[in-house]
Structure formats: C-alpha cells, structure tokens
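Visitor: just the structure for this:
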Amino acid sequence: MQALRLVGAVVPMAFFAVAPSAHADEGESAIGMTVMPEVAWLSHPLTAEVSPFTPTGTFSFLPRLGAGLHYGLTDSLTLGLGVDTAGFFGLNAVGTQIENTVGNIATGTYFDAMAPLSLAYRVDSGYDASGAVELSVGPCVAGWLANKALNPEVLGENGLPTELPIVIDDQYRFGAFGRLSVFFKGRLFNWLVADVGLSTTVAWHETLAFHAGLLIRPSFVLPLTPL
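Guide: Numbers count the residues shown, from 1 in each chain. So this is what the prediction gives:
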C-alpha cells in the first residue's frame, strides 16, 4: 500500500513537471548539442557526375555532431545559429575516368562541416510537448582525403583492386546547403528542452549531396534575463 501511495504521489508530480506550458519561449536563450545519425548519397568531385544517384555515386552512413544557440523571437518562432560536422571512412566511387583510364576512386576519409542559420516554428499546444518544423540554410565545406586510384580489373592477393600509379590530391569543396527538420519538442523541469524527429539536407559543393536521418537535440535553457 505504501508503494501505491508513493506512485500515486510521484506520477502527478512528474506530469505537472512536464505538461504545463504557461512558460513563454519569447526572449529565452538555450544552448545545446545535436546528434544526427544520417545516411548520405554523395558524389566525388573528380567524377563526371553531379548527381550522387549514378553508378559513380556513393551511399554511406554518416554520423553527425553539432552545437548551437537558440533564441526565442516569439512564443512560436525560434532563431538558431550553430555548427555541425560529419565524417566516415572508406568511400568508393566506381567506374570513374581517371586520367586515361577508368577505375575506382577510394577515399580514406570523407568529412563535411555546416554552419546552419535556422528558423523554427513551434505549434503552441498549450503544453510543454508540441510539434515543430525548422528550416536551416548556410555555408558548408566538404573534403575527400587520402584518395587512391584503383584498378578493379586487376586484383591483388587479398582479392581487392590493385592501386594505380596515379596521385590524387585531397579534395576540398565549398558550397551551401538547406535543411528541413520536423520534430517533437518537449520541455522538462523548465530548464531542459529535447527535440526528437527527422531531418533531411541538400548540399551543393560542385556536386550534389543528399542527407537523411534522425534529429536528437537536447538543449539547456540559459539563466539569462530576456532581451
């Protein structure tokens, strides 16, 4: 019976800690981190194809981490500024024209970095749990490092394509991107905000890149006086 009384006392407390939304977002600042496990369709800049949806394109898992600052313009609109970066190893662009031969370009490490300026709209549900949509744009940079030219027609003792005597420098490309995110926003104890949802990104850095994945973004409300 004592356990039941304890549960009966704790559950209402937890509900009222999460549910009420008399709190206003206007003038409120929050800082947080972003975790985005993504998949990406990429095109190496030395291929002749702009689109990643070609035989030379690469499909890869691409974990992304970031940080940002958000400021409530109104109770529904939030302005954000941040930076995020992603990377992975062992990409392979097949069937690429390399000098006077056709081979594969193996990239040891791929990375990109983006600086999103975002505007989010939160549906005011009357509770500290609601839906939101966010549009982000900004500059980006992508890099293909430790590139090697491989000959898929000649296999080594390990059964893998042999390396061609062609030097391929590290490739860096600058461009811009746009990102659309749809997520669930919840507030806990009036100082922690958690966004969980889906995100998709289109980037241009001489070639197109498409990203899609999850958005997980915990943020901490800063104890500052609203502007």
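
Visitor: give me the low-pLDDT residue ranges for this structure?
Guide: 1-24, 224-227 (pLDDT under 70).

Visitor: helices of that one, residue ranges please.
Guide: Taking DSSP state H, the helices of the chain run over residues 2-18.

Visitor: longest strand anywhere in it?
Guide: With secondary structure taken from DSSP state E, the chain has its longest strand at strand 129-155.

Visitor: in that strand, what counts as buried?
Guide: 130, 132, 134, 136, 138, 140-144, 147-151 (16 or more other Cβ atoms under 10 Å). For glycine as for every other residue, the C-beta is placed from the backbone atoms N, C-alpha and C.

Visitor: so which elements touch it?
Guide: strand 77-98, strand 101-114, strand 117-122, strand 161-163, strand 171-188, strand 192-204 (3 or more Cβ pairs under 8 Å, 6 or more residues apart in numbering; DSSP states H and E).

Visitor: what lines up beside the longest one in the sheet?
Guide: Strand 77-98 has its sheet partners listed here by DSSP bridges as strand 58-72 (antiparallel), strand 101-114 (antiparallel), strand 117-122 (antiparallel).

Visitor: please state the offset of the second one from the chain centre?
Guide: In this view, strand 101-114 has its centroid 19 Å away from the chain centroid, taken as Cα atoms, centre = their mean, to the nearest Å.

Visitor: quick check: angle from that strand to strand 171-188?
Guide: Relative orientation of strand 101-114 and strand 171-188, computed by axes from the mean of the first three to the mean of the last three Cα atoms, to 10 degrees: 40 degrees.

Visitor: one more: the shortest one?
Guide: Using the same axes, to 10 degrees, one finds that strand 117-122 and strand 171-188 are set 30 degrees apart in direction.

Visitor: how far is strand 117-122 from where the chain is centred?
Guide: 15 Å.

Visitor: what does that strand contact?
Guide: For strand 117-122, contacts defined as Cβ atoms under 8 Å, 6 or more residues apart in numbering pick out 25, 68, 70, 75-82, 130-138, 179, 181, 185.

Visitor: list the buried residues for that strand?
Guide: Applying 16+ other Cβ under 10 Å to strand 117-122 flags 118, 120, 122 as buried.

Visitor: repeat that for the first one.
Guide: By neighbour count, with 16+ other Cβ under 10 Å as the criterion, the buried positions of strand 58-72 are 58, 60, 62, 64, 66, 68, 70-72.

Visitor: same thing with the second one?
Guide: Using 16+ other Cβ under 10 Å as the burial criterion, the residues of strand 101-114 that qualify are 103-107, 110-114.

Visitor: what of stretch 175-191?
Guide: Neighbour-count burial for stretch 175-191 [16+ other Cβ under 10 Å]: 175, 177, 179, 181, 183, 185-187.

Visitor: before we move on, what about stretch 33-40?
Guide: Per 16+ other Cβ under 10 Å, stretch 33-40 contains these buried residues: 34, 36, 38, 40.

Visitor: can you pull the contacts of the first one?
Guide: For residue 34, the set of contacting residues under the criterion of Cβ under 8 Å, 6+ apart consists of 64-68, 82, 84, 215-217.
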